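>>> next come a sequence and a model predicted from it.
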Amino acid sequence: MRSHAILELGVVELRVAQAERGRLTRHVEVILPAGLLQDGVPSPGFGPFLRQVLLEARITARSLRLAIGESGIAVRDFRLPLLPAEELAPAVLFEGKRLIPIDPQTVYYAWHARVVDRGYAVYLVAARREMVDGLVQAASAAGLETDRIDLKVPALARGIGAADGLLCEWATGEATVALMVGARPRFFRTFGLETEDEDGQLEQIGVALDALVRFMRSAEPGLVIGANTPLYLAGRFTRFETDWSQRFAFDVRLPAPAVRWVPDFPWPSHLTALGLIDDWGWQARLNPEQAGDKHVAA
């Protein structure tokens, strides 16, 4: 199995892990210097910064798998009727261009479809070309060849094993909240934490989680979110001997993934990387081919 450098780009942090023969081995977590990323688009200094991070962490894999957040992307979840296989891709892109009113020449598309109720449930992502091209070029400047680009939240959910329910990851300087429905994120947000105080950070996370629930209840009244809804807590939550159900009024669950890392590896901080070891099955991916804008088939 090929080795990969797995990068997770946050709003405050950069996390890197190396996957070898299906296991996570080396790792590093660093705070991103101000100005290296603007709305997801890397500055010219990002490539050299990344190269130095990889060197210091002894990350030797040259194949890159990259997880990005919500900056510079638009997402739509929609249904299509059953179609002949050869008609599915054109139909997805036609509907996607209608639902996402952005000039198609300025974005790359990635999508996934599964058969449900005599039709297809389609998950479509449109990402700014400027951002994707910049990340691929920065990776190349750091000595990496981009294998694929994925969204952070689906990868995190796969690493946790969270197909349905709420998801919350608490990292050093940022947090992510999301709602998963049918193994797809219906809503997700990563935000910087405004204080170094743990109680203050937990308060900010709780406010963000409450806002997510209120928004989804308003946007989709038929969606039931209550005490029986699973809430998967990841990251720093696993480090404390705390009954988190006393703080969060949901069915709190902590991740217990199958061991796919070397001894003493800090796996709670790299669940997104764990979810990127294997393929998910995108019919088209965000990263362009070296020669142009064709999608790399899944």
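Thanks, I have it.
>>> give me the phi and psi for residue 58.
phi 60, psi 40 (degrees, to the nearest 10).
>>> ok, it - contacts?
residue 26 (C-beta atoms under 8 Å, 6 or more residues apart in numbering). Quick note: C-beta positions are derived from backbone N, CA and C, even for glycine.
>>> that one and residue 246, how far apart?
Computed with C-beta to C-beta, to the nearest Å, the distance linking residue 58 and residue 246 is 41 Å.
>>> what does residue 6 give?
34 Å.
>>> who has more neighbours, the two?
Using other C-beta atoms under 10 Å, the more surrounded residue of residue 6 and residue 246 is residue 6, with 28 against 8.
>>> what sits up against the helix or strand in which the more buried one is found?
Using DSSP states H and E, residue 6 falls within strand 4-9. Contacts with strand 4-9, where a contact means C-beta under 8 Å, 6+ apart, come from 14-19, 24, 37, 40, 50, 54, 59, 61-69, 135, 144, 147, 152, 270, 272-273, 276-277.
>>> those residues in helices, which ones?
Among the contacts of strand 4-9, the members falling in helices (DSSP state H) are 50, 54, 135, 152, 272, 273, 276.
>>> find the residue at the geometric middle of this structure.
Compute the mean C-alpha point of the chain, and by C-alpha atoms, centre = their mean the closest residue is residue 152, 0.7 Å away.
>>> quick one, domains of the chain?
Domain assignment for the chain by automatic domain parsing gives 1-161+258-298, 162-256.
>>> mean pLDDT lowest for which of those domains?
When the domains of the chain are ranked by mean pLDDT, domain 1-161+258-298 comes last with a mean of 90.
>>> pull the distance from that one to the chain's centre.
From the chain centre to the centre of domain 1-161+258-298 is a distance of 7 Å (C-alpha atoms, centre = their mean, to the nearest Å).
>>> what do you get for stretch 225-245?
19 Å.
>>> and it, which residues are buried?
Buried residues in stretch 225-245, counted by 16 or more other C-beta atoms under 10 Å: 225, 229, 231, 232, 233, 234, 235, 236, 237, 238, 244.
>>> go on, stretch 13-28?
For stretch 13-28, using 16+ other C-beta under 10 Å, the buried residues are 13, 14, 15, 16, 17, 18, 19, 24, 25, 26, 27.
>>> neighbouring contacts of the longest helix belonging to the chain?
When the chain is parsed with DSSP H, its longest helix is helix 198-219. Outside helix 198-219, the residues that touch it by C-beta under 8 Å, 6+ apart are 166, 168, 170, 175, 177-179, 186-187, 189, 191, 193-195, 223, 225, 231, 247-248.
>>> and the helix or strand following that helix, what does it pack against?
Proceeding C-terminally, helix 198-219 gives way to strand 230-235 as the next helix or strand, assigned by DSSP H and E. If you count contacts as 3 or more C-beta pairs under 8 Å, 6 or more residues apart in numbering; DSSP states H and E, strand 230-235 packs onto helix 152-160, strand 165-170, strand 251-253.
>>> so which of these comes closest to residue 90?
helix 152-160 (24.1 Å; C-beta to C-beta).
>>> does anything pack onto the closest one? Which helices or strands?
When contacts are defined as 3+ C-beta pairs under 8 Å, 6+ apart, helix 152-160 sits against strand 63-68, strand 165-170, strand 174-181, strand 184-192, strand 230-235, helix 271-276.
>>> the longest one: partners in the sheet, and parallel or antiparallel?
Applying DSSP bridges, strand 184-192 is found paired with strand 174-181 (antiparallel).
>>> again, but for the fifth one
With DSSP bridges as the test, strand 230-235 is paired with strand 165-170 (parallel), strand 251-253 (parallel).
>>> the closest residue to residue 75 other than its chain neighbours: which element?
Leaving aside its chain neighbours, residue 75 sits nearest to residue 125 (5.4 Å; criterion: C-beta to C-beta, 6 or more residues apart in numbering). Assigned by DSSP H and E, residue 125 falls within strand 119-128.
>>> what sits up against that strand?
By C-beta under 8 Å, 6+ apart, strand 119-128 touches 40-41, 68, 72-83, 88, 92, 95-96, 99-100, 102, 106-114, 149, 151, 182, 184, 286.
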